[in-house]
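Student: Compute the structure for the input listed below.
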Amino acid sequence: MNTADNVTIHPCRVLTGTVRVPGDKSISHRVAMLSALTIGPSRLTGFLRSEDCLNTLKAMECLGARVEITPERIQVTGRPWACPRQPLDMGNSGTGLRLLAGLLAGRPWTTELTGDKSLRSRPMQRIQAPLEQMGARVELMGTGNCVPIRITGGALRGIAYPMPVASAQVKSCILLAALFAEGETRIAEPLPTRDHTERAFQVLGIPLRTDGNLITIRGYGPRGPDLTARDWTVPGDFSSAAFWLVAAAVLGTAVTIQNVGLNPRRTALLDVLKRMGADLAVVPETASLAAEPSGAITIRGADLRGTEIGGAEIPNLIDELPIAAVAGALACGTTVIRDARELRVKESDRIACMVANLRALGIPADEREDGMCVSGGATVRGNVELDCYGDHRVAMAMAILALRASAPVRIRGIACVNTSYPEFWHHLTLLGAKVELN
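Tutor: As a prediction, this is how the structure comes out:
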């Protein structure tokens, strides 16, 4: 883990080389929890060793699983769960907390979930509503109906739930709770979202049906499913690869990202970059044991043009929108991001924070209620100090934009990058940038 809290990025005209991004954060959370549900050992290869995912492993230990970590792999041995003796601290991870809430809703005891300052500001009514419909008691004890959460579970019943917001986290929370429910649960998504949970269920032999945006699963009752332990291979995180895709596209160089996840519900940024004129090639590989497609992506520099990003593609690039805004800042013309109000309730208000930082660097940008408008072509101002607002994706996005600045740019508060991509600064240096950590 990087221990620095600030970084200075020097202007860079060339980034080139090959990088292997760390394991997918979304998949890592899921396989850790599902491995803890089985009886017996599961070896996790490629697991993301970031703060968020390590907090999920600690929570699994508190619930009864045995976790062994070596340089080569991580092994989770599932054992019968027991009520934890203290609140489970999920750190910065909204994914970890929301998914675990679903599992705990099926347990006949009371558990408290908490997290850091950022997590304590994120909306949790969206999981409270379906879990309480299923029969759990969910108390939101934080200011504004946020974290900490106290969950009293057990005696769940299947429900039909039309999701008001497209959210893979909420969908997965319901699916995990449904494992311990009596009867059938049906979830209707307004738009398709990432399907890592459904893919993992299929690998474990948990039957579910998907018909368009409707997902149906029959619960196993209070005892839950009897799952056989298995090994998992986690591909590289496409959301982490996104920073190198945009960096190579705007710097006129070539970068290859190896072993990156290519789940079609995660790769909408590739379509956006192609629309903007990027030169990229994708070479698929054999699907991993986690039933997740992966492969290599090579991207070369090109003259990008502005585009509009919105509608059905938003759920499939919600985490990539900060770096997509950077691509827009360095493109010719205007880039508009719409239908992305969800950005306001991430680790930060990503709309407000990105617009503030873009303006600080001399990029014309305006907030919209559900997105932003970014005008490209301006000179990126140097000798500026930026705040990443405790948001890892804002920090990394601004680091990429700073490579094109007229003078060095300092970014404060970068320790948050450890939540998803601890090796980011090292990889940035390996590809040719000059980075000063302090």
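Student: and the helix or strand containing residue 26, average pLDDT?
Tutor: Assigned by DSSP states H and E, residue 26 belongs to helix 25-37. What helix 25-37 shows for mean pLDDT is 98.
Student: and that helix, how far out from the chain's middle?
Tutor: The chain centroid and the centroid of helix 25-37 are separated by 13 Å under C-alpha atoms, centre = their mean, to the nearest Å.
Student: what about the helices in this protein?
Tutor: According to DSSP state H, the chain carries its helices in the segments 25-37, 51-62, 94-104, 125-134, 168-178, 196-203, 238-251, 268-276, 321-329, 350-360, 392-402, 424-430.
Student: helices or strands up against the fifth one?
Tutor: Under the contact criterion of 3 or more C-beta pairs under 8 Å, 6 or more residues apart in numbering; DSSP states H and E, helix 168-178 touches helix 25-37, helix 94-104, helix 125-134, strand 184-188, helix 196-203, strand 214-218. In this view, the C-beta of every residue, glycine as well, is placed from N, C-alpha and C.
Student: So, low pLDDT: which residues of this structure?
Tutor: 286-290 (pLDDT under 70).
Student: rewinding a little: out of the helices and strands packed on helix 168-178, which comes closest to residue 393?
Tutor: Among those, helix 25-37 comes nearest to residue 393, with 11.1 Å by C-beta to C-beta.
Student: May I have that closest one exported as CSV, CA atoms only?
Tutor: The C-alpha coordinates for helix 25-37 follow below in CSV (Å, rounded to 0.1, in the frame of the first residue of the first chain):
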residue,chain,number,x,y,z
LYS,A,25,-13.0,-5.1,-7.1
SER,A,26,-16.6,-6.0,-7.8
ILE,A,27,-15.8,-9.6,-8.4
SER,A,28,-13.3,-9.8,-5.5
HIS,A,29,-16.0,-8.8,-3.0
ARG,A,30,-18.4,-11.4,-4.4
VAL,A,31,-16.1,-14.4,-4.5
ALA,A,32,-14.9,-13.6,-0.9
MET,A,33,-18.5,-13.7,0.4
LEU,A,34,-19.6,-16.6,-1.6
SER,A,35,-16.5,-18.6,-0.6
ALA,A,36,-17.3,-17.9,3.0
LEU,A,37,-20.8,-19.4,2.4
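Student: Just want the angle from it to helix 238-251.
Tutor: Interaxial angle, helix 25-37 versus helix 238-251 (axes from the mean of the first three to the mean of the last three C-alpha atoms, to 10 degrees): 170 degrees.
Student: Run the angle between helix 25-37 and helix 196-203 for me.
Tutor: Counting by the same axes, to 10 degrees, helix 25-37 lies at 40 degrees to helix 196-203.
Student: Run through the neighbouring helices and strands of helix 25-37.
Tutor: Against helix 25-37 (3+ C-beta pairs under 8 Å, 6+ apart) you get strand 40-45, helix 51-62, strand 74-78, helix 94-104, helix 168-178, helix 196-203.
Student: hang on, the earlier thing: which stretch among the helices of the chain comes nearest residue 115?
Tutor: helix 94-104 (6.0 Å).
Student: what are the phi and psi angles of the closest residue to residue 195 other than its chain neighbours?
Tutor: Excluding the flanking residues, the one nearest residue 195 by C-beta to C-beta, 6 or more residues apart in numbering is residue 265, at 5.5 Å. Dihedral pair for residue 265: phi -90, psi 10, per degrees, to the nearest 10.
Student: Report the contact partners of residue 176.
Tutor: 33, 99, 102, 103, 106, 197 (C-beta atoms under 8 Å, 6 or more residues apart in numbering).
Student: same question, residue 107
Tutor: Applying C-beta under 8 Å, 6+ apart, the residues near residue 107 are 81, 83, 153, 154, 180.
Student: Now with 6 Å, please.
Tutor: Contact analysis of residue 107 by C-beta atoms under 6 Å, 6 or more residues apart in numbering lists residue 153.
Student: Could you do residue 73 as well?
Tutor: By C-beta under 6 Å, 6+ apart, the neighbours of residue 73 are 43, 45.
Student: ok so, going back, can you say which of the contacts of residue 176 are buried?
Tutor: 33, 99, 102, 103, 106, 197 (16 or more other C-beta atoms under 10 Å).
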